[in-house]
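Visitor: Got a predicted model here, sequence first, then my questions.
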Amino acid sequence: NVESRLYQSNDKSPLQIFVRAKKKINDIYGEIEEYVHETTTFINALHTEAEIVDKAERELFESYVYKVAAIREVLQRDHMKVAFFGRTSNGKSSVINAMLREKILPSGIGHTTNCFCQVEGSNGGEAYLMTEGSEEKLNVVNIKQLANALCQEKLCESSLVRIFWPRERCSLLRDDVVFVDSPGVDVSANLDDWIDNHCLNADVFVLVLNAESTMTRAEKQFFHTVSQKLSKPNIFILNNRWDASANEPECQESELAKVKSQHTERCIDFLTKELKVSNEKEAAERVFFVSARETLQARIEEAKGNPPHMGAIAEGFQIRYFEFQDFERKFEECISQSAVKTKFQQHSSRGKSVSGDMKSMLDNIFERITIFRNLKQDQKNLLTERIQGTETQMMQVTREMKMKIHNMVEEVEEKVSKALNE
Ligand code: GTP
Ligand code: MG
């Protein structure tokens, strides 16, 4: 039941913009590839049979074939990438788990995530890990084993572990969203490497803050560097652990509202005035107050067929749960539009230029074929004319010969009869 609801809602998901665009562009490239193969056969025949196409041209055409194949391969691997950053223990891994509806990534107090973890969909129901620089698939039977494997792998904090999780377990993975979890920005001195190695192709960044405190310098600095390296990155800010604030015994509702508006103002200022990545209106749609722990709990209950509030931790659960869903909706819209633009625009303009080059090459060949055909026709005409001339000549000669023979015969006859008479 929950599964069918997931599928239904998923069909209306904004992620479908990306999914449909990917299918369409893949189909178009499939057609281009077929066309390119057909044309190759034709070009090769022109080379061997008629010598209209030379070796260099044939090789040039072959390079188009490789280009199309290479684009197709990249296209098949294209996905939407979201990267999560923030200070240790703010709940980055918990937010990802809440979005995946399952506790996949290890989370806990203290410094938990010790290297980059990328969660992506796998086909055929398989779950496994892959570490950087190795092709080996480390099978994962259950989540506990995954957590242990992540702890045991002695990895450098900026290296990457790829976690492949069955696509059918989560609609986001099915629709090609890839999650990147990071260690706390406060524990690393290699932030530049992080950005260069893991962030340059991210479509969306999520800054996970702790709503109980304010944004730190390390968090701010990290995003300053990101926005220097990327033009207008899409950044969402989650003020996480909002349930904990609601749970504060001495915190009145009015005081909570005050804290919320203070945080909101700071976050909007950060996006608009400091980073200059969004305008006021857009920034207001990018700041949320949520509880990842509660949301994950609610979803685990829902999967069991229970009402979501069975996972509630504190007062005001429903509002926080809605806000998390609102975040997901806006995130899905943003990531699919951004990925279509950055990824497919590039492929379609490269495709256009390759097909343009191929067209002008074929036009050129066609022109040569036309000239060649006309030349052949001229030769043929000349030959026909010559043959016709020869024919008339022959007829003339034959006629003359006939006359000569006739005369000769008559002469001989005359001579013979004359001799006989004599
Ligand atoms: P590192 O990987 O160490 O950088 O931390 P992280 O940002 O991934 O945080 P993680 O998800 O491991 O969460 C840290 C602790 O906070 C865990 O014990 C979570 O259960 C708890 N936590 C996460 N989100 C929430 C929340 O919304 N509310 C409450 N009350 N606790 C949360
Ligand atoms: Mg973590």
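Guide: Cool, got the structure. Ligands and ions are numbered 1, 2, ... in the order given.
Visitor: which strands and helices sit next to the helix or strand where residue 66 lies?
Guide: Following DSSP states H and E, one finds residue 66 within helix 55-77. Applying 3 or more C-beta pairs under 8 Å, 6 or more residues apart in numbering; DSSP states H and E, one finds that helix 55-77 makes contact with helix 15-45, helix 345-421. C-beta: built from backbone N, CA, C; applies to glycine.
Visitor: Check the average confidence over that helix, would you?
Guide: Looking at helix 55-77 alone, the average pLDDT works out to 89.
Visitor: Ok, stretch 246-256 next?
Guide: If you average the pLDDT over stretch 246-256, you get 78.
Visitor: Can you point out the buried residues in that stretch?
Guide: 246, 256 (16 or more other C-beta atoms under 10 Å).
Visitor: Ends of it, what's the gap?
Guide: 7 Å (C-alpha to C-alpha, to the nearest Å).
Visitor: right, is it up against ligand 1?
Guide: No - figure legend: stretch 246-256 not in contact with ligand 1 (C-beta under 6 Å from any ligand atom); closest approach 7.7 Å.
Visitor: chain center to that stretch: distance?
Guide: The chain centre lies 45 Å from the centre of stretch 246-256; the measure is C-alpha atoms, centre = their mean, to the nearest Å.
Visitor: Next: stretch 66-73.
Guide: For stretch 66-73, the distance to the chain centre is 13 Å (C-alpha atoms, centre = their mean).
Visitor: Could you do stretch 22-42 as well?
Guide: With C-alpha atoms, centre = their mean, you get 17 Å for stretch 22-42.
Visitor: what's the answer for stretch 248-258, then?
Guide: The answer for stretch 248-258 is 45 Å, by C-alpha atoms, centre = their mean.
Visitor: Name the residues that touch that stretch?
Guide: Contact partners of stretch 248-258, identified using C-beta atoms under 8 Å, 6 or more residues apart in numbering, comprise 245-246.
Visitor: which parts of the protein sit against ligand 2?
Guide: Residues of the chain lying close to ligand 2 by C-beta under 5 Å from the ion are 92-93, 112-113.
Visitor: out of those, what pair is the most spread apart?
Guide: Within these, 92 and 112 form the most distant pair, 9.3 Å apart (C-beta to C-beta).
Visitor: Of those two, which one has the most company?
Guide: residue 92 (32 against 20; other C-beta atoms under 10 Å).
Visitor: Would you agree the more buried one is in contact with residue 209?
Guide: No - counting by C-beta atoms under 8 Å, residue 92 does not reach residue 209; the two are 10.2 Å apart.
Visitor: any shared contact partners between those two?
Guide: Shared contacts of residue 92 and residue 209 (C-beta under 8 Å, 6+ apart): residue 86.
Visitor: Mark which of the residues of the chain next to ligand 2 are part of helices, please.
Guide: Mapping those onto helices (DSSP state H) picks out 92-93.
Visitor: what ranges do the helices span in the stretch 201-350 of the chain?
Guide: Ranges of helices within the stretch 201-350 of the chain are 217-229, 242-247, 253-269, 280-284, 292-303, 317-339, 345-421, based on DSSP state H, counting those that start in this stretch.
Visitor: now the last one and helix 15-45, what's the angle there?
Guide: It refers to helix 345-421. 20 degrees (axes from the mean of the first three to the mean of the last three C-alpha atoms, to 10 degrees).
Visitor: before we move on, back to that, what lies in contact with the helix holding residue 66?
Guide: Under the criterion C-beta under 8 Å, 6+ apart, residues 22, 25-26, 29-30, 32-33, 36-37, 39-40, 43-44, 47, 347, 350-351, 354, 357-358, 361, 365 lie in contact with helix 55-77.
Visitor: Find the residue closest to the residue nearest to the spatial centre of the chain in space, skipping its chain neighbours.
Guide: Centroid check for the chain by C-alpha atoms, centre = their mean gives residue 78 as the closest residue, at 2.1 Å. Once flanking residues are discounted, residue 78 sits nearest to residue 343: 5.0 Å by C-beta to C-beta, 6 or more residues apart in numbering.
Visitor: Count the residues that sit near residue 23.
Guide: So residue 23, with other C-beta under 10 Å, has 11 neighbours.
Visitor: Residue 53 in helix, strand or coil?
Guide: Three-state call for residue 53 (DSSP: H, G, I helix; E, B strand; the rest coil): coil.
Visitor: Give me the neighbour count for it.
Guide: Neighbour count of residue 53, defined by other C-beta under 10 Å: 23.
Visitor: do the same with residue 314
Guide: 15.
Visitor: for residue 189, helix, strand, or coil?
Guide: Put simply, residue 189 is coil when judged by three-state DSSP.
Visitor: now swap in residue 165 and tell me
Guide: Here residue 165 is recorded as strand under three-state DSSP.
Visitor: Could you tell me which residues of this structure lie near ligand 1?
Guide: With C-beta under 6 Å from any ligand atom as the criterion, the chain meets ligand 1 at residues 86, 88-94, 107-109, 111-113, 183-184, 240-241, 243-244, 291-293.
Visitor: Name the residues that touch stretch 131-150?
Guide: 102-104, 106, 114-115, 117, 126-130, 153, 155, 159-164.
Visitor: Sorry, wrong one. I was asking about stretch 16-26.
Guide: If you take C-beta under 8 Å, 6+ apart as the criterion, stretch 16-26 is touched by 10, 72, 75-76, 78, 80, 175-176, 335-337, 339-340, 344, 347-348.
Visitor: who wins for neighbours among the residues you listed?
Guide: residue 80 (28 neighbours).
Visitor: residues in contact with residue 376?
Guide: For residue 376, counting by C-beta under 8 Å, 6+ apart, there are no contacting residues.
Visitor: going forward can the numbers begin at 837, since that is how I track them
Guide: Understood, numbering begins at 837; the last thing we discussed is residue 1212.
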